[in-house]
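K.L.:
Next input, structure requested:
(chains A, B and C)
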Amino acid sequence: MPILAKWYDFRDLGNAIGALQDQILDWGAPDWVPYVVSGIIGVVGILLWLLVSQIIFIWIERRVIGLMHNRIGPNRVGPMGLLQGVADAIKLLLKEAITPRATDTILFWAAPIAIFIPAMVVFAVIPFGEGMVLSDLDVGVLFFVAIGSINTIAVFAAGWSSNNKFALIGAMRQIAMLISYELVQVFAILGVVIMVGSMRMVDFVEWQSGNDVWMFAIQPLALVAFIIAGLVEVNRSPADISEAESELIAGFHTEYSGIKFGFFYAAEYFATFALCGVIVTLFMGGWTLWGLEEWVPGFLIFLTKLYAVFFIFIWARGTLPRLRIDQLMAFSWKFLLELMFVNILVVGLETLIWREGGYDAATVLPIFAAINWVLAIGLAIFWARMLGHGTASSAGKRATLTQELGAIYYEGAGTPGA
Amino acid sequence: MEDTGTVVAFWALAIITIGSAFMVAAVRNLIHAVVFLVLSFLGVAGLYITLSADFVGVVQILIYSGAIAILVIFAIVLTPQAGRDNAETSMRLPAVVLSGLVATMLGYASIDTNWSISDRPGFEETASAIGVALLDKYILPFEIAAALMLVAMLGAIIIVRDEGTEGAAED
Amino acid sequence: MSVDLEHYLMVGAILFAIGLYLALAKRNFVGVLMGIELMFNAANLTLIAFSRFVESESPIDGHVFVVFVVTVAAAEAAVALAIAVLLYRVRDTVDVDKANLLKW
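P.N.:
A predicted model of the protein is given here:
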């Protein structure tokens, strides 16, 4: 970026922060002051962005799902209902936060806070733009997974302390889901890590811009598995069985009201944004867009991609029916995990051939992409067939219960199912 | 390690770690004990990071706070009527004396010994170094650990497998 | 003020003592297990501290050791908690004092 590289170059907010740091050092402050100042600026900036995005996306999500459902959606508060998110936030703030008498009070209060912290902390490793990452950890992706696993404790604390059977069932479901899909998530990431050869978030972006390819073109299977695992991890429909309204009222936060519920709601949104950020960084080139980042601020490209990925989640929520807990478990253990094993094997082999052979990336990567796409589609179909889906014999499975009931009913007249 | 940030972080994390470990022993409710246990694990993870061991710190969060704490919770929830109190046996006083003696001995040994301290800086990148060491120098223990994990998994499944539902499991 | 090897060793020692107390004195099987996990943590902390501070040819060995300890601890936790569940199923208690069939 030779044209404008001063602090007023708006394409990289890092410049301004860097200038500020130099200025603070010039004033004779000790070494730790610029460190703390830039950290605070980053945290406040991310928090503000999150709050604004959330309030806007509450409206967008409800409007888009409304369109998908052939209805209107919220359109009363403000022009086109734009202030719906603000109204919701004010409502949640002003409502009474009830604490039922039989709860475990300390845990009941601690759970919303505990679920909020990991959702915020994850953003420390997400690179919003060049030099715009709070802490470029050596083990960034692993950090994302690790922080995601703390969620389980908070969810369990919420469900258990509520002293409500629906809350406890929801919490246990959530734990089972998180454990099952964490494995899939880790294996999906592992394929990418093997190919890039690093766990640093910035390295993923640089690898993709250096090779002029997005990772999802090379590893479609990993992307699909990661998105599905992420859907489960952030507990959004169609995988929101731990708060399935038709079965469990509101799952682990049944007893929460007012701002305490607001914390759960916000944490879910934040976690979804973080997940979208990781997907964009790992699979979609982060803040780069084939040279466009020279002219447009990198973080704007990043945010555009992030919102596009978020749209996939809205889309899934608006169109897919909710799964059953056993279906979701079986899908993880019997289907996705095996596919991920194969994916890692193939990607490892490809990386080995690439490194040992010393081939040029431009010649090797298209071949790998072709192999992986064919493999992804073929394997998904093959493995689904192996499990008995999509065949003629599986078509009748849905009527099992009817057949059994029918057998009881027609006991004298032989079994109709046979 | 002289810089202010590390010193402050060390003391804060040490207090969190030891305080929550103490609370694990002190609280009367087993679920609360698990929550404090998780807090203690997180404190230890933070201490690892002050020691520039970022990979191990993240693994600590992932395995201890994520997986083992969940296993403990499962064990508590799956043993319902056995009581969730965190009471002591009659051997409480001897245990206090013994653990106090152990702490004193370890502390005395650690202060009294003349360690050969090196003045090298912290690790720059641990993950790749650990990976190289695991697959080069420690390949045999690595394989044995993998086999151990498999055996433990099978063992755990076989132990808790309910004999009565064998037919249902095959479905 | 600075932080040295001894500080970390002291934290490890205290953590180990608390874990030992839990393992010896708790009545609930799960409580005993929590104590054992705390002791693992104390040992790991000590290993990492040595790996950081003490003179060595390949200082990363301490980290590798910790990775192995964590692996073994996870395996141990899985089996031990399976035993806890089985103990509850067979004896209807997880009180380690009452699990005394082999006592004479």
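
K.L.:
Can I take it that A:Pro74 is in a helix?
P.N.:
No. Looking at A:Pro74 with DSSP: H, G, I helix; E, B strand; the rest coil, it is coil, so not inside a helix.

K.L.:
ok, for the residue in the stretch 301-418 of chain A that chain C sits nearest to, nearest residue in space, not its chain neighbours?
P.N.:
Of all residues in the stretch 301-418 of chain A, A:Trp333 sits closest to chain C, at 16.4 Å by C-beta to the nearest C-beta. C-beta coordinates here come from the backbone N, C-alpha and C atoms, glycine included. Leaving aside its chain neighbours, A:Trp333 sits nearest to A:Ser180 (6.3 Å; criterion: C-beta to C-beta, 6 or more residues apart in numbering or on different chains).

K.L.:
Checking my notes, that neighbour in a helix, right?
P.N.:
Yes. Assessed by three-state DSSP, A:Ser180 belongs to a helix.

K.L.:
Distance-wise, check it relative to chain B.
P.N.:
A:Ser180 sits 12 Å away from chain B, going by C-beta to the nearest C-beta, to the nearest Å.

K.L.:
My read is that that residue contacts A:Met329, right?
P.N.:
Yes. Applying C-beta atoms under 8 Å, one finds A:Ser180 in contact with A:Met329, separated by 5.8 Å.

K.L.:
thinking again about what came up before, what's the residue nearest to A:Trp333 in contact with, if anything?
P.N.:
A:232, A:328-329, A:332-333 (C-beta atoms under 8 Å, 6 or more residues apart in numbering or on different chains).

K.L.:
next one: A:Gly286
P.N.:
A:127, A:201, A:204-205, A:208-209, A:280, A:302.

K.L.:
would you turn those into CSV with neighbour count, pLDDT and secondary structure?
P.N.:
Listed next are the contacts of A:Gly286 as CSV, based on neighbours: other C-beta atoms under 10 Å in any protein chain shown; pLDDT from 0 to 100; DSSP: H, G, I helix; E, B strand; the rest coil:
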residue, neighbour count, pLDDT, secondary structure
A:Pro127, 26, 86, coil
A:Met201, 25, 86, helix
A:Phe204, 27, 87, helix
A:Val205, 27, 86, helix
A:Gln208, 24, 85, helix
A:Ser209, 18, 83, helix
A:Val280, 28, 89, helix
A:Phe302, 27, 86, helix
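
K.L.:
From the contact counts, what lies against the top helix by length along chain A?
P.N.:
Scanning chain A for the longest helix, with DSSP state H as the assignment, gives helix A:32-68. If contacts are counted by 3 or more C-beta pairs under 8 Å, 6 or more residues apart in numbering or on different chains; DSSP states H and E, helix A:32-68 sits against helix A:13-26, helix A:84-94, helix A:105-121, helix A:258-283, helix A:298-319, helix B:4-26.

K.L.:
for the third one, which positions count as buried?
P.N.:
Meaning helix A:105-121. A:107-112, A:114-116, A:118-121 (16 or more other C-beta atoms under 10 Å in any protein chain shown).

K.L.:
which residue sits closest to the most centrally placed residue in chain A, ignoring its sequence neighbours?
P.N.:
The centre of chain A sits closest to A:Leu275, judged by C-alpha atoms, centre = their mean, with a distance of 2.9 Å. Residue nearest to A:Leu275 in three dimensions, not counting chain neighbours: A:Gly230, with 4.4 Å by C-beta to C-beta, 6+ apart.

K.L.:
what's the neighbour count on the one you found?
P.N.:
25 (other C-beta atoms under 10 Å in any protein chain shown).

K.L.:
Now do the same for it: helix, strand or coil?
P.N.:
Criterion first, three-state DSSP; result for A:Gly230: helix.

K.L.:
quick one, what contacts it?
P.N.:
Here A:Gly230 is in contact with A:185, A:275, A:278-279 (C-beta under 8 Å, 6+ apart).

K.L.:
closest to chain C among those residues?
P.N.:
A:Gln185 (17.9 Å).

K.L.:
That closest one reaches A:Val234, doesn't it?
P.N.:
No. Taking contacts as C-beta under 8 Å, A:Gln185 lies outside contact range of A:Val234: 11.1 Å.

K.L.:
These two: which has the busier surroundings?
P.N.:
More crowded of A:Gln185 and A:Val234, by other C-beta under 10 Å: A:Gln185, with 27 against 23.

K.L.:
any idea which helix or strand carries that one?
P.N.:
Under the criterion of DSSP states H and E, A:Gln185 resides in helix A:165-196.

K.L.:
Buried residues, that helix. List them.
P.N.:
A:166-196.

K.L.:
Stretch A:28-43 now?
P.N.:
A:34, A:38, A:41-42.

K.L.:
Now the spatially closest residue to A:Asp104 that is not a sequence neighbour. Its backbone dihedrals?
P.N.:
Spatially, and ignoring its direct neighbours in sequence, A:Asp104 is nearest to A:Ser161 (3.9 Å; C-beta to C-beta, 6+ apart). Main-chain dihedrals, A:Ser161, degrees, to the nearest 10: phi -70, psi -20.

K.L.:
tell me the domain boundaries of chain B?
P.N.:
Split into domains by automatic domain parsing, chain B comes to B:1-87, B:125-163.

K.L.:
What distance do you get for A:Ser209 to A:Gly285?
P.N.:
For A:Ser209, the distance to A:Gly285 equals 6 Å [C-beta to C-beta, to the nearest Å].

K.L.:
where along chain B do the helices fall?
P.N.:
Using DSSP H, helices in chain B cover B:4-26, B:30-50, B:54-60, B:69-78, B:92-112, B:127-136, B:139-160, B:166-169.
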